[in-house]
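A.B. asks: Sequence and predicted structure, then a few things I'm wondering about:
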Amino acid sequence: MNESHQRARGTDRSATRRAELIAIGRKLFADTSYDALSMDEIAQHAGVAKGLIYYYFTSKRGYYLAIIEDSVGDLVDRAATAGDLAPVDRVHRTIDGYLRYAEHHQAAYRTIVTGGVGFDTQVQAVRDGVRAVMIETIAQGVYGRPELPQLARMALLGWLCSVEGITLDWIGHQEVERSTVRALLVRTLGETLRVIEEFEPSYPAPPRP
């Protein structure tokens, strides 16, 4: 085996090990806050030396950010997997995927939405990225294109911020069925789209169901 193949195998093993540590961290932080786990506890749960985590992620914060970024990818994937469904069904699927993620990954969702530990600009940048992708996903589902004029984007951002608040309250109390929350969010989205149409006639809202 030549040197380039050895390097490639080493890179693959390193990437696999890093992914394994992120998967373990996602389970640990799924319902546990950042401050509640020490690096010693994380290493013990992972069954590795603490130094290995530092090797791959530099610090506890670096490890946590890697977990959040991985979780964001999962959230976006779940929300965006609507295939070739009709626009209304696509929006339902997007919102349902979003709620399912929040329901089953509550601590990670709270971190993504609220900005993480203190005023963490990196986590907030991740959150802003999620918002941008979600708005593009909704726009693609409703209008068939992700581009939006500024006013329409602002209106959908306002709706999405309300989605975040409703979702946080929902996972905090668990007193309402997910299907009911989804119906509420779909209804309020419909109203937002009709307001957008008033200001931007070239972006018509879908007909009422």
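C.D. replies: Structure received. Residues are numbered from 1 along each chain as shown.
A.B. asks: Every contact and neighbour count from this point should use C-alpha atoms.
C.D. replies: OK.
A.B. asks: show me where pLDDT drops low in the chain?
C.D. replies: Scanning the chain for pLDDT under 70 picks out 1-10, 30-31, 75, 78-87, 115-120, 209.
A.B. asks: Let me see the ranges of the helices in it.
C.D. replies: 3-29, 39-46, 50-57, 60-80, 87-104, 106-114, 121-143, 150-173, 178-199 (DSSP state H).
A.B. asks: now those helices in CSV, with mean neighbour count and distance to residue 205?
C.D. replies: Below are the helices of the chain laid out as CSV (neighbours: other C-alpha atoms under 10 Å; distance: least, C-alpha to C-alpha, whole Å):
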stretch, mean neighbour count, distance to residue 205
helix 3-29, 14, 38
helix 39-46, 15, 48
helix 50-57, 15, 46
helix 60-80, 19, 20
helix 87-104, 20, 11
helix 106-114, 21, 27
helix 121-143, 19, 8
helix 150-173, 16, 11
helix 178-199, 16, 5
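A.B. asks: Using TSV, lay out these together with distance to residue 206.
C.D. replies: Output for these, formatted as TSV (distance: least, C-alpha to C-alpha, whole Å):
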stretch	distance to residue 206
helix 3-29	38
helix 39-46	49
helix 50-57	46
helix 60-80	19
helix 87-104	8
helix 106-114	28
helix 121-143	7
helix 150-173	15
helix 178-199	8
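A.B. asks: out of these, which comes closest to residue 208?
C.D. replies: Residue 208 sits nearest to helix 178-199 of all the helices of the chain, at 7.8 Å, using C-alpha to C-alpha.
A.B. asks: Output that closest one as CSV, nothing but the C-alphas.
C.D. replies: Provided in CSV are the C-alpha atoms of helix 178-199 (Å, rounded to 0.1, in the frame of the first residue of the first chain):
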residue,chain,number,x,y,z
ARG,A,178,-48.3,17.5,17.2
SER,A,179,-51.0,17.3,14.5
THR,A,180,-52.9,20.2,16.2
VAL,A,181,-49.7,22.3,16.5
ARG,A,182,-49.0,21.6,12.8
ALA,A,183,-52.5,22.6,11.8
LEU,A,184,-52.1,25.9,13.8
LEU,A,185,-48.8,26.7,12.1
VAL,A,186,-50.1,25.9,8.6
ARG,A,187,-53.1,28.1,9.3
THR,A,188,-51.0,31.1,10.4
LEU,A,189,-48.6,30.5,7.5
GLY,A,190,-51.6,30.7,5.1
GLU,A,191,-52.6,34.1,6.6
THR,A,192,-49.0,35.3,6.3
LEU,A,193,-49.0,34.3,2.6
ARG,A,194,-52.2,36.2,2.0
VAL,A,195,-50.7,39.3,3.5
ILE,A,196,-47.6,38.9,1.3
GLU,A,197,-49.9,38.7,-1.7
GLU,A,198,-51.5,42.1,-0.8
PHE,A,199,-48.1,43.7,-0.8
